[in-house]
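# Return atomic coordinates for the entry below.
(one chain, ligands or ions: 1)
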Amino acid sequence: MRRLLLTPLPLPGLVRVQRQPAHDARGSFERWFCADELAAAGWARPIAQLNRSLTRQRGSVRGLHYQLPPHAETKLVGCLRGAVWDVAVDLRAGSPTFLRWHAECLSADNACALLIPPGFAHGFQALSDDAELLYCHDTPHAPGFEAGLHPQDARLDIAWPLPVTGLSPRDQGHAPLTLDFQGVRL
Ligand SMILES: Cc1cn([C@H]2C[C@H](O)[C@@H](COP(=O)(O)OP(=O)(O)O[C@H]3O[C@H](C)C(=O)[C@H](O)[C@H]3O)O2)c(=O)[nH]c1=O
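From the prediction side, this is the model:
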């Protein structure tokens, strides 16, 4: 029985994954990840890494991050506690939606996750205090291949719902996108 409802989003390859919890008198049970079901959304490799982040303050932004080839990754991001406004930016060279962004609200209550393909930058803003995310990655962390964009980059013009706060020094320090930025060649 399929327990994940997949909805393609306006940026090709970006997919909303709606978990279908089973409820009973004890509470609920939901499938977080399923290789067979997510293969239809382009997940093709075993999970390489699971990460959890906790963001204490509502309004804090983490990102926008991505890994460069050959360590470009697919990630599945879902919310364990609270709520976030989750953003993916298409950085794929030659993509018809190059530099366009799409956001989804992910919360513990809405059981919604975002499947983000290689070549996308990812970031989020906490919409609640103590927002916890669980990430499934198909590629290990490759520190030497990490790249990032400033969440308030003028070329992206992301409409963050709250005033942006809590940026890490690394995220504050991302250089603005130049006009000759060609994107990520996968
Ligand atoms: C991503 C990552 C980080 N780390 C270490 C590196 C640092 O010592 C520490 C915190 O890393 P960072 O400040 O990059 O964490 P975030 O700013 O939350 O970044 C993450 O959040 C944005 C929104 C993402 O989409 C990425 O998954 C990830 O980059 O964890 C690891 O050990 N493994 C990892 O896979």
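
# What residue in this protein is the furthest from its centre?
A25 (32.7 Å; C-alpha atoms, centre = their mean).

# Which pLDDT value goes with that residue?
A25 carries a pLDDT score of 98 in this model.

# just M1 next, same as before
pLDDT, read off for M1, is 79.

# Nearest spatial neighbour of R100, chain-adjacent residues omitted?
Among residues not flanking R100 along the chain, D90 sits closest, at 5.4 Å (C-beta to C-beta, 6 or more residues apart in numbering). In this view, the C-beta of every residue, glycine as well, is placed from N, C-alpha and C.

# ah, wrong one, I meant Q152
In space, Q152 comes closest to V164 once its chain neighbours are excluded; the distance is 6.0 Å by C-beta to C-beta, 6+ apart.

# Also W160?
Nearest residue to W160, sequence neighbours excluded (C-beta to C-beta, 6+ apart): Q125, at 5.3 Å.

# In this structure the residue nearest to Q152 contacts Q125, no?
Yes. Here V164 lies in contact with Q125, judged by C-beta atoms under 8 Å, at a distance of 7.1 Å.

# Name the residue in those two with the higher neighbour count.
Q125 (27 against 15; other C-beta atoms under 10 Å).

# ok, so what distance separates that one from C105?
Per C-beta to C-beta, to the nearest Å, Q125 is found 10 Å from C105.

# Give the residues shared as contacts by these two.
Each of 84-85 lies in contact with both Q125 and C105 under the rule C-beta atoms under 8 Å, 6 or more residues apart in numbering.

# What is the neighbour count of the residue in the chain positioned nearest to the ligand?
Per C-beta to the nearest ligand atom, H141 is where the chain lies closest to the ligand, at 3.2 Å. Around H141 there are 13 other residues, counting by other C-beta under 10 Å.

# Please renumber the chain so that the first residue is 113 from this point on.
Fine by me, first position is 113 from now on; the one you just mentioned is H253.

# Fine by me, we can end here.
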